[in-house]
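[1] Please work out how this folds:
(4 chains)
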Protein chains: 4
Amino acid sequence: MKSKLSLIALLALTTLTLNAQRTILNMPDIPGYVTLKCDFHMHTVFSDGNVWPLMRLDEAWRDGLDAISITDHVEYQPKKNYVPVNHNAAWEISQNRAKDLNIILVQGTEITRSMPPGHLNALFITDANPIDTSDFMAAVGAAVKQGAFIQYNHPGWKAQEKDGIPKLYPVHQELITKGWLHGIEYFNEYEHYPLVMDMCRDHKLAVMGNSDVHGIISEVYKTPDYTQRPVTLVFARERSYEALREAMFAGRTAVWYGDYLAGFEEYVAPLFRAAVSTRAPFKVDDKNIWFELLNNSDLPIAFTGGPAGAPAEISLPARSAVIVKADKKYLAEPIPYNVSNIITGSSSTLRVEITPGK
Amino acid sequence: MKSKLSLIALLALTTLTLNAQRTILNMPDIPGYVTLKCDFHMHTVFSDGNVWPLMRLDEAWRDGLDAISITDHVEYQPKKNYVPVNHNAAWEISQNRAKDLNIILVQGTEITRSMPPGHLNALFITDANPIDTSDFMAAVGAAVKQGAFIQYNHPGWKAQEKDGIPKLYPVHQELITKGWLHGIEYFNEYEHYPLVMDMCRDHKLAVMGNSDVHGIISEVYKTPDYTQRPVTLVFARERSYEALREAMFAGRTAVWYGDYLAGFEEYVAPLFRAAVSTRAPFKVDDKNIWFELLNNSDLPIAFTGGPAGAPAEISLPARSAVIVKADKKYLAEPIPYNVSNIITGSSSTLRVEITPGK
Amino acid sequence: MKSKLSLIALLALTTLTLNAQRTILNMPDIPGYVTLKCDFHMHTVFSDGNVWPLMRLDEAWRDGLDAISITDHVEYQPKKNYVPVNHNAAWEISQNRAKDLNIILVQGTEITRSMPPGHLNALFITDANPIDTSDFMAAVGAAVKQGAFIQYNHPGWKAQEKDGIPKLYPVHQELITKGWLHGIEYFNEYEHYPLVMDMCRDHKLAVMGNSDVHGIISEVYKTPDYTQRPVTLVFARERSYEALREAMFAGRTAVWYGDYLAGFEEYVAPLFRAAVSTRAPFKVDDKNIWFELLNNSDLPIAFTGGPAGAPAEISLPARSAVIVKADKKYLAEPIPYNVSNIITGSSSTLRVEITPGK
Amino acid sequence: MKSKLSLIALLALTTLTLNAQRTILNMPDIPGYVTLKCDFHMHTVFSDGNVWPLMRLDEAWRDGLDAISITDHVEYQPKKNYVPVNHNAAWEISQNRAKDLNIILVQGTEITRSMPPGHLNALFITDANPIDTSDFMAAVGAAVKQGAFIQYNHPGWKAQEKDGIPKLYPVHQELITKGWLHGIEYFNEYEHYPLVMDMCRDHKLAVMGNSDVHGIISEVYKTPDYTQRPVTLVFARERSYEALREAMFAGRTAVWYGDYLAGFEEYVAPLFRAAVSTRAPFKVDDKNIWFELLNNSDLPIAFTGGPAGAPAEISLPARSAVIVKADKKYLAEPIPYNVSNIITGSSSTLRVEITPGK
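    Predicted structure coming up:
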């Protein structure tokens, strides 16, 4: 046993970790697009949230996000005896902080009704006041008039939808017909709604995933271990407000929460290919090959349904490598797998092929 | 408050984390060379260590290492009543596991004497038995005859060197004169020896850093938080036994432990440049610019001694980004900093220049 | 923002955590008995384990255990080319360390056959050599002659028992008839075998829970979070070798692994009562009472099946308190609950009553 | 290798940890008094804090506190354009939550001036409005008229006191003379002010320690590891508002932050004795004894200055045990130690005696 590293050294080590920092979220870009990490649903003291708006920007910075929207309720104002109703307050307060932190801040608000129609976020608005009107269609119309992207929130939330099954009611069909609905939440807080994948596919809507945080991000997502909040991945031509907006109306999104990714195959397949790589076999004998499979992203990958002569399942954690032993024939042909944690529909997951050395 | 993510989902999440995995150590390659992460000093039950040799391979695989050497003592055999002395046993037992895990296994042994000469590792040997001889020079000679790389171990270890100051005694000078000494440990277990940097520079020796583990890597380096063990970074032409060996004899190494990197400027400067990048300023006003500084490596960077108009200190944690606010003049000229945790000599640290957007 | 606590202070804070320490496992004594925490199944390099025997004592000390047994296989000796077969070696090597650490060391060995009879541990033996004999009954007999406690190990281990269902084969029945079987493992490594509770009840055998560790305790039980290994709780008259032995032959045991406790009601009911307490209601209104429920142990408690007017479920984590809101009638009558993580039979869990303020 | 614990079991294990819980802070009572854990300095959106007042109650509940005071600034109201000035708002909003969580809520406010007099908290007030007056003495007088306990906050805060050295200016002397000053902060956020111990002793004031939190407790105190916030320990006759108040005016306090405790010997000595115990020696030979030293509290204990024949230093972590080896003479006499992390004055720490088996 030797004496410990000198005191000076240990000290520097400790202080290095005390300063503010921004996590680099490892979710790769895909060909032609940058992958923006976004959270378009959160609350502050200007409705039923518990924090001052600036905290939402600070949390987003720390968590490596590119864009957020603060979406306080129009109609639900439980603090109004102490905090006067001001639908644009969070936006006004937050703008400068967003510029200082290089976060794209999208003005938003949550239209809050009983089901149907339930709750909808209006994003990319310029003034929330005209949206504060009792007629639901008039409220959505006022947002759309400002160019808003309308998102149907947590459609299977049991507080509003007893059986937990998301549905498109006539009012939602009417919105779709008018072109007034642009996305639906698949992930919200801790929940997910499998059928939303099919709804979005059928109606060409964007799949959305957001935190809907009311309290503190680091407390909501820390049990038992710190997990990244649900985010909407937006595949944009560049990192700008206008490019973000264009991509969302074009439906170029996927959603990521914890160990799960969901989105249409055209987006999640290139994400997978950008994240996972193989090396050429380092060992070959008469029967088998051994090669490394690497994951450079923060999303773990769960391979299942492997064919004869290859592992039935492979768990490839985030930012890690594993060794795969497979039949020698896979020198000449790819190994097909299902990726059970990358969801492409209400009952489908991503199919991939692994080719050693490619 | 909503109900939690479905049970099936949480379950999959949990099981994903239970499988074996290999950490991808983020320490970049430098121009012309791959950066191999190596530990050339460790013990097993075949001397005074507490584990079976195969565990050393498994630990190295998990920790993302490229090469190791098991270096049991030739002369110190406290378990010989139960484990017969067999200097080549660890090597024989470990070879197949190394091939299965794609780890470069270097045969080694530790020549163990009181100070001077103290302890020396013979690496890249082919048979440890001829080294088991009472005459010290004969023992080293037997190793050198096999083509060994000789490393002077923990030269400031207080159990052998009361004042903790590493010294080159006449016997070491003799080794150097004969060309029989090739490297000196700067890091060993929890210790570091500042003067070793100068000794290595003066005598053209490789700077070495190793764990010298006797127990369990994950226990020795987990308090208070899991820290990577000391490693020798070897800058090799490719990832192979022969290229590793060539690089070590050529002195192309640096050493890394926890939050510290030490090595000659010709190696640590390109490592820094490969790890740290900047983005173009995202905000400019009359007086100042704001830009992001990013670190894609697992080594935190502690900038100190910043000039007027820039932060005096910047802590840039591993795999993170920070925002730097600086005087507008730095649009036109680089910002000089000292990197206080990258050591280039017994009393010098790395000088760098930061240029926004480059 | 203020400056940080002085460097000196932070430093002391860090170094305080680096030294060796013994966890105090909070599992209370019960009336009449001390609760000894024990692990009676583990391996070393003297069979198919990967560590030197002394590490087992050090791990036990750190983990707060009172007694262990090192139980290397008699018949399975995969390292014999390098480590000569010596059935008493681990015992000889470990005795002094056990005395220095105040751990009760029980000599043991594992009789290792295909199923049936499978694997059995002989505990409290004095010489393992006579047990190394080819006839199974003779081997057990040799142990019993030394006064051994015989434990049937992992009876549902799928490597030996395809369907995973533990069974008492004729050979086990014969052991029971002869009085040569004294306990069966309910917990082993990560597994549990529900039917063992009934077998032990029917045949008056001790319920056992052990790690069967071959590698490193802190690595086997750390994913995703450090979990305490499976232990056998022995309710002994005092903390001594003789009292431990008496209690085990008397069947006074329970088993604990992670968030689960299993044992006969006569032992786990008083453990529950020693661990969980309530405070008198701190708030009462026309309809309800509010009171604190406290858990002073390291075992979380999962209350389920609550009656009308009380929470259906209560999660009471280790070393924590929760507030319970219940109907006012529970001022006058106890609240019945099921404790779903305290197991009393193959299909039964502990029933308890909570009385505020008692 | 065996298969893992069944899915059902793992699942239950996971969900157990997701629910809200109250930490039981292990800091023992002392003879004659209960030890109340309190934080008397924190902010909300009603001054320069970032959270809604109810969060302060929820944080206190989770952290195991008995009493808190929300002390928004009277004079500093940076959010007044959006949140109207209302000095009693936080108190009004929080009262019911305090009753539901069984937390003693003390109404308070912070009188906020440049130095001198700096910042002072008025605790146990009944209406903050009369304190909003420009004359400093009038403001304190208005609080005292309501029966307030006046605390001098962070007297060495470098933003107000360049050299960091706390001082009693004439205005503070005047307060003391009038009986209008009752306590001084020794711990504030991350800082401590050694001289405060002497000031409190000289003037018979209570030593205070508080978080002064503006953001989120779990974020402010989580780097690098979760550390309990600074708290004032109040030694009260019972757990009630009146008993708390009586104890504070009587000066029966100590302060605890991270690994440090500070207070007058009459309070910290019995705390030490209630926390630390020994067992009778379990091993004795010709020269030495071996015995266990146990710490049942959440405060680690750093013993230093051990005499000849005993360890020079002993680190006894929270809720842990260590083995002490000492000269046999200590069977007959106590072993004197200094406790370097229990502070009793500006330059003194606690002296204790350890007697094995007592």
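[2] Need the per-residue pLDDT for the closest residue to chain D within the stretch 51-200 of chain A.
    Going by Cβ to the nearest Cβ, chain D is nearest to residue A:52 of the stretch 51-200 of chain A, at 4.3 Å. C-beta: built from backbone N, CA, C; applies to glycine. You'll see residue A:52 listed with a pLDDT of 98.
[3] Next one: the spatially closest residue to it that is not a sequence neighbour from residue D:227, what distance?
    Nearest residue to residue A:52 in three dimensions, chain neighbours excluded: residue D:50, at 4.3 Å (Cβ to Cβ, 6 or more residues apart in numbering or on different chains). Going from residue D:50 to residue D:227 by Cβ to Cβ, to the nearest Å gives 20 Å.
[4] More neighbours: these two, which one.
    Neighbours per residue (other Cβ atoms under 10 Å in any protein chain shown) separate residue D:50 from residue D:227, with residue D:50 holding more: 23 against 15.
[5] That one and residue D:157, how far apart?
    From residue D:50 to residue D:157 the distance is 20 Å (Cβ to Cβ).
[6] Repeat that for residue A:305.
    From residue A:305 across to residue D:157, the span is 62 Å (Cβ to Cβ).
[7] So between these two, which is more surrounded?
    Per other Cβ under 10 Å, whichever of residue A:305 and residue D:157 has more neighbours is residue D:157, with 21 against 13.
[8] Give me the pLDDT value at the more buried one.
    97.
[9] my read is it is in a strand, agree?
    No. Going by DSSP: H, G, I helix; E, B strand; the rest coil, the assignment for residue D:157 is coil, not a strand.
[10] Check the gap between the closest residue to residue A:144 other than its chain neighbours and residue A:136 for me.
    Leaving aside its sequence neighbours, residue A:144 sits nearest to residue A:180 (Cβ to Cβ, 6+ apart; 5.3 Å). Relative to residue A:136, residue A:180 is positioned 11 Å away (Cβ to Cβ).
[11] before we move on, what about residue A:212?
    Using Cβ to Cβ, residue A:212 is found at 20 Å from residue A:136.
[12] Neighbour count for the two, which is higher?
    Ranked by neighbour count (other Cβ under 10 Å), residue A:212 and residue A:136 place residue A:212 first, with 27 against 15.
[13] Model confidence for the more buried one, exactly?
    pLDDT, residue A:212: 98.
[14] what does the one 4 residues further on give?
    With respect to pLDDT, residue A:216 scores 93.
[15] Over to residue A:6?
    36.
[16] go on, residue A:30?
    Note on residue A:30: pLDDT of 98.
[17] Quick check: it vs residue C:338, distance?
    In terms of Cβ to Cβ, residue A:30 sits 51 Å off from residue C:338.
[18] These two - which one has more neighbours?
    Taking other Cβ under 10 Å, residue A:30 and residue C:338 do not tie; residue A:30 has more neighbours (22 against 16).
[19] Across the sheet, point out what pairs with the more buried one.
    Under DSSP bridges, the beta-bridge partners of residue A:30 are residue A:33.
[20] from what I can see it touches residue A:233, true?
    No. At 9.4 Å, residue A:30 does not count as touching residue A:233 under the criterion of Cβ atoms under 8 Å.
[21] Now do the shared contacts for the two.
    Taking Cβ atoms under 8 Å, 6 or more residues apart in numbering or on different chains as the criterion, residue A:30 and residue A:233 both touch A:267, A:271.
[22] ok, what's across the strand from the closest residue in space to residue A:21 that isn't next to it in sequence?
    Nearest residue to residue A:21, sequence neighbours excluded (Cβ to Cβ, 6+ apart): residue B:320, at 4.2 Å. Beta bridges link residue B:320 to residue A:23, residue B:295, judged by DSSP bridges.
[23] which ones are touching residue B:320?
    Going by Cβ under 8 Å, 6+ apart, residue B:320 touches A:21-24, B:294-295.
[24] do you know how far it is from residue D:229?
    25 Å.
[25] How about the contacts made by residue A:126?
    Taking Cβ under 8 Å, 6+ apart, one finds A:107, A:146-147 in contact with residue A:126.
[26] Partner strands of the helix or strand where residue A:341 lies, with direction?
    According to DSSP states H and E, residue A:341 maps onto strand A:335-345. In the sheet, strand A:335-345 lines up against strand A:260-263 (parallel), strand A:301-304 (antiparallel), strand A:348-354 (antiparallel) (DSSP bridges).
[27] Give me the contact list for it.
    Contacts of strand A:335-345 (Cβ under 8 Å, 6+ apart): A:194, A:197-198, A:201, A:259-265, A:268, A:272, A:299-307, A:310, A:314, A:326, A:349-355, B:12, B:16.
[28] What is the burial count for the closest residue to chain C within the stretch 51-200 of chain A?
    Going by Cβ to the nearest Cβ, chain C is nearest to residue A:58 of the stretch 51-200 of chain A, at 13.3 Å. Neighbourhood size, residue A:58 [other Cβ under 10 Å]: 19.
[29] What's opposite the most centrally placed residue in chain A in the beta bridge?
    Nearest to the mean C-alpha position of chain A, by Cα atoms, centre = their mean, lies residue A:231 at 1.9 Å. Counting by DSSP bridges, residue A:231 is bridged to residue A:256.
[30] you'd agree it is up against residue A:257?
    Yes. At 7.4 Å, residue A:231 and residue A:257 qualify as touching, with contact defined as Cβ under 8 Å.
[31] what do those two both touch?
    Common neighbours of residue A:231 and residue A:257 (criterion: Cβ under 8 Å, 6+ apart): residue A:209.
[32] what does the stretch 251-358 of chain A put close to chain B?
    A:257-260, A:282-283, A:290, A:292, A:294, A:296, A:300, A:302, A:315-317, A:319-323, A:340-341 (Cβ under 8 Å from any Cβ of the partner chain).
[33] Can you tell me the SS state at residue A:164?
    Counting by three-state DSSP, the backbone at residue A:164 sits in coil.
[34] Count the residues that sit near it.
    When neighbours are counted by other Cβ under 10 Å, residue A:164 comes out with 14.
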